[in-house]
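Asks: Test case, fold it:
(4 chains)
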Protein chains: 4
Amino acid sequence: MIAILKPGTSEKQRDSLCDWFRSMGLEVHVSQGQFQCIIGLIGDTTKVDINLLESLSIIESVKRITEPFKNANRKFHTQDSVVDVGGGLKIGGGHFEVIAGPCSVESDEQMLEVGQRTKAAGGNLLRGGAFKPRTSPYDFQGLHGEGLNILRRVKQVTGQPIVTEIMNANDLPLFEDVDIIQVGARNMQNFDLLKELGRTDKAILIKRGLANTLKELLMSAEYVMAGGNEKIILCERGIRTFETYTRNTLDLSAIPMLHELTHLPVIADPSHGTGKASLVLPMALAAVAAGADGLMIEVHPDPEHALSDGAQSLRPNQFDDLMQRVRKIREVILA
Amino acid sequence: MIAILKPGTSEKQRDSLCDWFRSMGLEVHVSQGQFQCIIGLIGDTTKVDINLLESLSIIESVKRITEPFKNANRKFHTQDSVVDVGGGLKIGGGHFEVIAGPCSVESDEQMLEVGQRTKAAGGNLLRGGAFKPRTSPYDFQGLHGEGLNILRRVKQVTGQPIVTEIMNANDLPLFEDVDIIQVGARNMQNFDLLKELGRTDKAILIKRGLANTLKELLMSAEYVMAGGNEKIILCERGIRTFETYTRNTLDLSAIPMLHELTHLPVIADPSHGTGKASLVLPMALAAVAAGADGLMIEVHPDPEHALSDGAQSLRPNQFDDLMQRVRKIREVILA
Amino acid sequence: MIAILKPGTSEKQRDSLCDWFRSMGLEVHVSQGQFQCIIGLIGDTTKVDINLLESLSIIESVKRITEPFKNANRKFHTQDSVVDVGGGLKIGGGHFEVIAGPCSVESDEQMLEVGQRTKAAGGNLLRGGAFKPRTSPYDFQGLHGEGLNILRRVKQVTGQPIVTEIMNANDLPLFEDVDIIQVGARNMQNFDLLKELGRTDKAILIKRGLANTLKELLMSAEYVMAGGNEKIILCERGIRTFETYTRNTLDLSAIPMLHELTHLPVIADPSHGTGKASLVLPMALAAVAAGADGLMIEVHPDPEHALSDGAQSLRPNQFDDLMQRVRKIREVILA
Amino acid sequence: MIAILKPGTSEKQRDSLCDWFRSMGLEVHVSQGQFQCIIGLIGDTTKVDINLLESLSIIESVKRITEPFKNANRKFHTQDSVVDVGGGLKIGGGHFEVIAGPCSVESDEQMLEVGQRTKAAGGNLLRGGAFKPRTSPYDFQGLHGEGLNILRRVKQVTGQPIVTEIMNANDLPLFEDVDIIQVGARNMQNFDLLKELGRTDKAILIKRGLANTLKELLMSAEYVMAGGNEKIILCERGIRTFETYTRNTLDLSAIPMLHELTHLPVIADPSHGTGKASLVLPMALAAVAAGADGLMIEVHPDPEHALSDGAQSLRPNQFDDLMQRVRKIREVILA
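Replies: Below is the predicted model:
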């Protein structure tokens, strides 16, 4: 970390600042120029509060050289993390899986049909929302506990590990049979929820917030990891931009960029990421070409009657086609 | 609400759709052109799920004419709401108040000094954070229950109603003596938290999220109001833009725009909104000139040692000056 | 186009508005509800000024059903356009080409080396900037006419058609031997330049502006096409978002989305789009998987001494590798 | 400027880099830590190309301490600039003026009525567009030379200096009688146009681009100033955000922020900045309270028939009211 002092800072102020840095266990290097004094700090600077530092009247600016995330940082953990997601399946470090299913869990029939169809096509994990974050209080909010019961029953038939979203840590007891707990984009910075998930031993899938940076996404992973749970999967699901033809803008550069910054696996959700069924196939293939460790795809047996997000759902036969092409792109990437 | 059908929609499909609309209690007007069929829907369309509608294969597009928010809508409640905030004070409908205090509660001494100084200057409400949402798990997270105890003790001395942020509905029992419960920008779409606050009778201050629209802010207010609690104050606190000289971009047009859309009071937070102490005064005056019903200002007795956000805090004597000028702008506005 | 009238609009006002629409050659359908009157307009509405319409006091809102772009619209020209780019090469409609070269033209040696190396690898078109738009007046602005001379001499050796940026219509006489004239992101809405290019018979490559929507990009194409020049290639080169690890955010969903909206070919520039050499390969492959009709790749013989944008340039051997993988992804896509 | 070298950089590479810096006339301070080497550069670093530097393989990152703008920088020119705008009027350094008029020049009658009405109310400068940048080639593009003739004739009657937009440097001969030449938001980075304007002695009003930062705005001013013309007025006119109720988001914090960064005068355009007539008054007052050196307000005798942008135009009597309130806010600010 580098701190640049304001011109005119007295020697006494500078020394007192340096003493304070040393009291935090940091090594301090002072480079006093004619006009400007630059202080280099070496050691564990993740605990230095950069906002506090910038607020001091003698500080011109502060620049981190090392990243504020530690457990998630590729520099300190060079090998890819492999996350065990149940049913003998893994994601990351060369293990690639596709999570498929409808946006909302509606009935046993619906989930069973989707589960069997997607499983047959190679969609090894099943998703479906039981707790739905909706912008309007008047929109359908999910089947809650009953939705989780449906997922459990379908899992017993198809053997697919299940992935579903949590909105409130108080609901954790209901998630006992869930294999991957999803933190939705709007909860990416619900720090209390992240802390609670850090105390579980579940795989946690964290979706990037609509206007959040990759650093903020990694800091959210860091919240969970600081609690002891290192089973994190990151998910790019589209960010908010000025474009209106697509619901969001799927930032595929996040995939190779995150792979440089962190050892955690990264998957993409082209269904939410685009909001249009016709764009799901090309963007799924693009995500795989960009190096994604997995995909999350919305599939609905009858998209025209889906209770939510039908506009972006594939029909099972479209999903079959997608899986075949995904496998071919994977072959090129792995070659 | 208007739904435009895709060219080629059959008469049978159109009629079946119209029947479905009627089953929701809506009046249906069909305008069949040579190429395009337009369906007008009259009635309580807030309960129509626009995403679902757009997902139907025969729908080209859907447009709301009326807003999706109802309780918060100025059209159905033309008079300004006045929110009682304790201590005989009110906000909204011509009642203007300034909330002042440090970002974080640190000690009795700190809060007492700030409380007495700001009260003397006309800052009738006291703020201070006990639960702090921080991007990094390694940053200071607030004094929690002890912070609330400090606020309570200072309130007994200065008589100022207190304003502080909640991050988790489970902490509600600790907020019994709090006068205004603040929902922070990152929790603006924590729908479970909003629902719980809808069951309380506390005044709720909702801060606009960093990348949220005014419509989304109003839908969050609607979540609380749908639960029965209509004591809502909206707060513009800066949105994320590409500008980096300021921490956020304070969107002052939100103030008159919200006043057109809703009857709820609207205040501004120029401290978080700019992140720079030197911009707080001009932007506070501008907010008042734009019609704000109140201000939230960070004041710290010794900004250089604030544990967080010191860069944007005013010293008590700067706050005195601000209050004097705010009063003069109010006079011009009310004239 | 649909216009919704404000409640309370008189019959006389409504009829006068309808007469005005009819005077513009439009067919008018009035649907008068109890509270709301909806007017449907059929015909060539591209000439209706939507801002003007929205400004009328009796109009609540206006919604286009058809797009404001006509020549570029896939609806009126369902087959892919194929653009002849010189040297017997084509882009679009199944024809895929890679444009490679350094950001700035520096010398004959540099351009000749890059030209020969990229040609050998399958980079059939050569790029290099002679007029450089730079944020600072103190940065290198390009070799101007001399840069174009260098490009011409290298073209005589390698036979590669050349692609280079224009900043000022007055420079057009210098561009006689240029095969594709590039309009840079910052000039995407330099309407006078676009109009001038509409009077030429050169292939025009239009780069999407940093904060522009796809509709605005298509309207810029429309400016050129309205002048009679239909040889347009669109280029996604990254948009401005809040992310800072990457210089821009390459919006690959623009590729399939534009393919739905327009018949014009669409290429991607992962070099400017990411600003990081290490991300160019994965994003190039992803762009191809998403259906791009071509790529634009920065290649420099010695990226460490490039006069601009070296951080995102590939070395020739990295480009060789990229071309091999691109061909394999193309095979999967075309299968 | 500070350059941080990558770990593992050899002594020889470091020395060769330092020699290169010295060859540019810079003073070089090396601070070699155990892991990291930091190089401080003192002198005129505005001429260092930061992109080039970042592209070198031995550079970890580069940070400017001083700003890249020099002529516009308050640090090197502490006193407010006062720009002479004709007719004995000045803007900046305590001189405040309001520019009023319609978006487009339509006729002598229209301009004369607006000119006389706004002049009477205290709007000392007259605006009106003759060259109109329009997103669609099918929208009205302005009266061009005839529009400028109308402005000239009205100026002879009312004595108001005139302000109008240029889109193409080739049109400069037509602008001889124009007092302030406006560079529109979409041309803010039309660097060739800026260079040409730097060779004139006209007052130049530069509007901030829709997605541009304040630093970029200042660099555009720097382009004009580098050519020798220091008569620059900056104008905040709203930036693109995710909000849709307002056409743009008027960033009023730009006013005090720019006043810290530069000595150039700063005005605000609440008409374009909000796109809604009902928001013009509150935002105009807020801009004045934030310290604006002037305002630009759209006024149209008959907004319902304006050929463009009528939705945001005030009627003359609304402008009278605005001017009265503006004067009162000015009094508070100057007190």
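Asks: Give me the neighbour count for A:Arg327.
Replies: Counted by other CB atoms under 10 Å in any protein chain shown, the residues lying close to A:Arg327 total 14. In short, each C-beta sits where N, CA and C put it, glycine included.
Asks: Give me the distance between it and C:Ala289.
Replies: Per CB to CB, to the nearest Å, A:Arg327 is found 13 Å from C:Ala289.
Asks: quick one: contacts of the strand or helix carrying A:His259?
Replies: Assigned by DSSP states H and E, A:His259 belongs to helix A:254-261. Contacts to helix A:254-261, defined as CB atoms under 8 Å, 6 or more residues apart in numbering or on different chains, come from residues A:67, A:72-74, A:208, A:214, A:217-218, A:234, A:236, A:264, A:266, A:268, A:287, A:290-292, C:243, C:245-246, C:274, C:276, C:278-279, C:282-283.
Asks: Given the helix or strand hosting A:Ala100, what are its sheet partners and their directions?
Replies: Per DSSP H and E: A:Ala100 is located in strand A:97-101. According to DSSP bridges, strand A:97-101 forms sheet pairs with strand A:125-127 (parallel), strand A:294-298 (parallel).
Asks: The lowest-mean-pLDDT helix or strand in chain A near chain C anywhere?
Replies: Every helix and strand in chain A was compared by mean pLDDT, DSSP states H and E; the lowest is helix A:50-55, with a mean of 75. No. Helix A:50-55 lies apart from chain C when judged by CB under 8 Å from any CB of the partner chain; the minimum separation is 14.6 Å.
Asks: which other helices and strands contact that helix?
Replies: Helices and strands touching helix A:50-55, by 3 or more CB pairs under 8 Å, 6 or more residues apart in numbering or on different chains; DSSP states H and E, are strand A:59-63.
Asks: tell me which strands and helices the helix or strand following the strand it packs on is in contact with?
Replies: The helix or strand immediately downstream of strand A:59-63 is strand A:83-84, counting by DSSP H and E. Secondary-structure packing of strand A:83-84 (3+ CB pairs under 8 Å, 6+ apart): strand A:90-91.
Asks: What pairs with the strand it packs on, parallel or antiparallel?
Replies: If you go by DSSP bridges, strand A:90-91 pairs up with strand A:83-84 (antiparallel).
Asks: Outside of the partner strand itself, list whatever touches it.
Replies: For strand A:83-84, contacts defined as CB under 8 Å, 6+ apart pick out A:Lys90, A:Ile91, A:Gly92, A:Ala203, A:Lys231, A:Ile232, A:Ile233, A:Leu264, A:Pro265.
Asks: what is the mean pLDDT for the biggest helix by length in chain A?
Replies: Counting residues, the longest helix found in chain A (DSSP state H) is helix A:316-334. Summarised as a single mean, pLDDT over helix A:316-334 is 96.
Asks: contacts for that helix?
Replies: Helix A:316-334 has contacts (CB under 8 Å, 6+ apart) with A:96, A:98, A:100, A:113-114, A:117-118, A:121-123, A:277, A:280-281, A:284-285, A:288-289, A:291, A:295, A:297, A:299, A:301, A:314, C:285, C:289, C:325, C:328-329, C:332, C:335.
Asks: redo that, cut-off 7 Å
Replies: A:96, A:98, A:100, A:117-118, A:121-123, A:281, A:284-285, A:288-289, A:291, A:297, A:299, A:301, A:314, C:289, C:325, C:328-329, C:332 (CB atoms under 7 Å, 6 or more residues apart in numbering or on different chains).
Asks: Same check on stretch A:94-107?
Replies: Contacts to stretch A:94-107, defined as CB under 7 Å, 6+ apart, come from residues A:82, A:89, A:91, A:110-111, A:114, A:118, A:122-130, A:132, A:140, A:142-143, A:147, A:150-151, A:163, A:293-300, A:306-309, A:313, A:319, A:323, A:330.
Asks: Where does the prediction get shaky in the stretch 201-335 of chain A?
Replies: Residue ranges of the stretch 201-335 of chain A with pLDDT under 70: A:303-310.
Asks: What's the local residue count around A:Arg315?
Replies: 16.
Asks: what about it, distance to chain D?
Replies: Applying CB to the nearest CB, to the nearest Å, the value for A:Arg315 to chain D is 32 Å.
Asks: Likewise for A:Ile38?
Replies: According to CB to the nearest CB, A:Ile38 stands 6 Å off from chain D.
Asks: Quick check: nearest residue in space to that residue, chain neighbours excluded?
Replies: Spatial nearest neighbour of A:Ile38, excluding adjacent residues (CB to CB, 6 or more residues apart in numbering or on different chains): A:Ser31 at 4.5 Å.
Asks: Roughly how far does that neighbour sit from A:Ile166?
Replies: Distance of A:Ser31 to A:Ile166, given as CB to CB: 49 Å.
Asks: ok so, going back, could you dump the strands paired with strand A:97-101 into TSV and include mean neighbour count?
Replies: Putting the strands paired with strand A:97-101 into TSV (neighbours: other CB atoms under 10 Å in any protein chain shown) gives the following:
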stretch	mean neighbour count
strand A:125-127	27
strand A:294-298	27
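Asks: Let's have these in JSON lines, adding distance to B:Asp44.
Replies: Below are the strands paired with strand A:97-101 laid out as JSON lines (distance: least, CB to CB, whole Å):
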{"stretch": "strand A:125-127", "distance to B:Asp44": "33"}
{"stretch": "strand A:294-298", "distance to B:Asp44": "29"}
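Asks: of all the ones you listed, which lies closest to C:Leu193?
Replies: Closest to C:Leu193 of the strands paired with strand A:97-101 is strand A:294-298 (CB to CB; 41.6 Å).
Asks: From the chain's centre, how far out is the closest one? Work that out for me.
Replies: Centroid displacement of strand A:294-298 relative to its chain, using CA atoms, centre = their mean, to the nearest Å, is 13 Å.
Asks: what are the ranges of the helices in chain A?
Replies: A:11-23, A:50-55, A:108-121, A:145-158, A:191-198, A:214-226, A:254-261, A:270-274, A:277-289, A:316-334.
Asks: residues of the last one that come out buried?
Replies: Read it as helix A:316-334. The neighbour-count check on helix A:316-334 (16 or more other CB atoms under 10 Å in any protein chain shown) flags A:316, A:318-320, A:322-323, A:325-326, A:328-330, A:332-333 as buried.
Asks: I'd like the domain boundaries of chain A, if you could list them.
Replies: As given by automatic domain parsing, the domain ranges for chain A are A:2-63, A:83-334.
Asks: Give me whichever of those domains is most buried.
Replies: Mean neighbour counts were taken over the domains of chain A using mean count of other CB atoms under 10 Å in any protein chain shown, and the top value, a mean of 22, falls to domain A:83-334.
Asks: Residue ranges in the stretch 51-200 of chain A under the pLDDT threshold?
Replies: Applying pLDDT under 70 to the stretch 51-200 of chain A flags no residue at all.
Asks: and stretch A:233-248, how far apart are its ends?
Replies: This stretch, stretch A:233-248, spans 21 Å end to end (CA to CA, to the nearest Å).
Asks: quick check, it touching chain C?
Replies: Yes. Against chain C, stretch A:233-248 shows contacts by CB under 7 Å from any CB of the partner chain at A:Ile239, A:Thr241, A:Phe242, A:Glu243, A:Thr244, A:Tyr245, A:Thr246.
Asks: Check those and tell me the two furthest apart.
Replies: A:Ile239 and A:Tyr245, at 15.1 Å, using CB to CB across the residues of stretch A:233-248 next to chain C.
Asks: Just the pLDDT at the residue in the stretch 1-150 of chain A that chain D sits nearest to, thanks.
Replies: Nearest residue of the stretch 1-150 of chain A to chain D (CB to the nearest CB) works out as A:Ser31 at 3.6 Å. Confidence at A:Ser31, expressed as pLDDT, is 75.
Asks: Next, the contact list for it, please.
Replies: A:Ile38, A:Gly40, D:His29, D:Ser31, D:Ile38, D:Gly40.
Asks: measure it to A:Ile39 for me?
Replies: Taken as CB to CB, the span from A:Ser31 to A:Ile39 is 8 Å.
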